[in-house]
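coordinates for the following, if possible.
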Amino acid sequence: MLRADLRELARGPVETRSDLPATDGLFAGLNFALAGPVQVTGRLQSAGEGRFYWHAKVAARVSETCRRCLEPVQVPVEADIEALFTEDPDALDDPDSYPSPRTRRKLTSPRRSGRS
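Numbering: from 1, shown residues only. Okay, the predicted model is just below:
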């Protein structure tokens, strides 16, 4: 899991780096097999009150079967990620915005039904 102390953003952008194991639940249900950890490197920065912009690169190796010789092969894959995290519930209508971790906790807090 990637974590960043948002208080550090007061001094400027924060570098993020993590190696996520291929067995992480985040990757459950993928239509391919990861051949090792997923490397994530990025930069998180403040983008205004309650808004955080994250630009990252993800790199991994995927296990596949060669279509010609049917031997197992590992294929390197890379992707760039750009995400805007926000605490503003009205901004979440934008498909390019995600709830910030603090907001997500509020949205996913268990609700008490009042029944015993």
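
burial count for the nearest residue to Gln45 once chain neighbours are set aside?
Distance criterion Cβ to Cβ, 6 or more residues apart in numbering; nearest residue to Gln45, sequence neighbours excluded, is Pro13 at 3.9 Å. To be clear about C-beta, it is placed using only N, CA and C from the backbone, and glycine gets the same treatment. Counted with other Cβ atoms under 10 Å, residues neighbouring Pro13 total 15.

run through the bridge partners of Val77.
Listed beta-bridge partners, Val77: Ala60 (assigned using DSSP bridges).

and it, what's its pLDDT?
Val77 carries a pLDDT value of 95.

so it makes contact with Lys57?
No. Contact criterion Cβ atoms under 8 Å: Val77 and Lys57 do not qualify, at 11.3 Å.

how about the strands of this structure, start to end?
Taking DSSP state E to define them, one finds strands in the chain at 14-20, 33-34, 38-46, 51-65, 72-86, 97-99.

okay, the ones you listed in a markdown table with distance to Leu6 and mean neighbour count next?
As requested, the strands of the chain are arranged in a markdown table below (distance: least, Cβ to Cβ, whole Å; neighbours: other Cβ atoms under 10 Å):
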| stretch | distance to Leu6 | mean neighbour count |
| --- | --- | --- |
| strand 14-20 | 8 | 14 |
| strand 33-34 | 29 | 16 |
| strand 38-46 | 8 | 16 |
| strand 51-65 | 7 | 16 |
| strand 72-86 | 10 | 13 |
| strand 97-99 | 14 | 17 |
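
can you say which of those is nearest to Asp5?
Nearest to Asp5 among these is strand 14-20; the distance by Cβ to Cβ comes to 7.6 Å.

point out where this structure drops to low pLDDT.
1, 101-116 (pLDDT under 70).

and Glu71, its phi and psi?
Per-residue torsions, Glu71: phi -90, psi 150 (degrees, to the nearest 10).
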